[in-house]
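Engineer: Have a look; sequence and predicted model below, questions after that.
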Amino acid sequence: MQVPNENAELRNYAFDSAEYRGREVYIREGCHVCHTMFVRPVLADSALGPISQPADYYYEAPAMLGSKRTGADLMWVGNRWNADWHREHLKKSTKDLTRKHNAEVRLFE
């Protein structure tokens with residue numbers, strides 16, 4: 001039987017947290033189509049964070065691993081850049097995605 005590990009505990013977000021709301025947006029907007037949320041045991045992923053383990057996803061239902069990496073891996077992205085960088089990046093991404101998909105992307109509701 002699988003048990004949660006330290007990474008799962010770190011990512012077990014409270015329902016009223018910004019992280020939890022961000023995960024809901026990730027699911028709602030279909031971000032998993034282009035992004036992954038797992039660090040592979042390969043050299044290309046060595047700077048992304050600890051290699052993902054099955055127990056990392058203990059509290060996630062569904063586990064949104066993604067299937068291809070058209071966009072960046074987002075597993076530990078919050079640790080790689082500061083809040084200002086993320087805010088500006090998401091604003092730009094929202095405009096780019098809206099234009100590319102001819103649809104409204106609602107990241108800032």
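Structural biologist: Sure thing, it's come through. Values in this document were obtained by computation on a predicted structure and should not be read as measured data.
Engineer: alpha carbons only for contacts and neighbour counts from here, please
Structural biologist: OK.
Engineer: Secondary structure element holding the closest residue to residue 56 other than its chain neighbours?
Structural biologist: Leaving aside its sequence neighbours, residue 56 sits nearest to residue 8 (CA to CA, 6 or more residues apart in numbering; 4.3 Å). Here residue 8 sits within helix 6-10, counting by DSSP states H and E.
Engineer: next one: residue 13
Structural biologist: Using DSSP H and E, residue 13 falls outside every helix and strand.
Engineer: Tell me the pLDDT of it.
Structural biologist: According to the prediction, residue 13 has pLDDT 93.
Engineer: And for the residue lying closest to it once chain neighbours are set aside, the neighbour number?
Structural biologist: Computed as CA to CA, 6+ apart, the closest residue to residue 13 that is not its neighbour in sequence is residue 20, at 5.6 Å. When neighbours are counted by other CA atoms under 10 Å, residue 20 registers 15.
Engineer: From the contact counts, what lies against the helix or strand residue 20 falls within?
Structural biologist: Using DSSP H and E, residue 20 sits in helix 18-28. With contacts defined as 3 or more CA pairs under 8 Å, 6 or more residues apart in numbering; DSSP states H and E, helix 18-28 has no helix or strand neighbours.
Engineer: mind listing what's buried in that helix?
Structural biologist: Within helix 18-28, the residues that count as buried by 16 or more other CA atoms under 10 Å are 25-26.
Engineer: CA-only coordinates of it in CSV, if you can.
Structural biologist: Extracted as CSV, the C-alpha positions of helix 18-28 are listed here (Å, rounded to 0.1, in the frame of the first residue of the first chain):
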residue,chain,number,x,y,z
ALA,A,18,-3.7,29.9,-3.7
GLU,A,19,-2.0,26.7,-4.6
TYR,A,20,-5.2,24.7,-4.5
ARG,A,21,-7.0,27.4,-6.6
GLY,A,22,-4.1,27.3,-9.1
ARG,A,23,-4.4,23.5,-9.5
GLU,A,24,-8.2,24.0,-10.2
VAL,A,25,-7.3,26.6,-12.9
TYR,A,26,-4.7,24.1,-14.3
ILE,A,27,-7.3,21.4,-14.6
ARG,A,28,-10.1,23.7,-15.8
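Engineer: Other residues contacting that helix?
Structural biologist: Residues from elsewhere that reach helix 18-28, judged by CA atoms under 8 Å, 6 or more residues apart in numbering: 13-15, 32, 64, 107.
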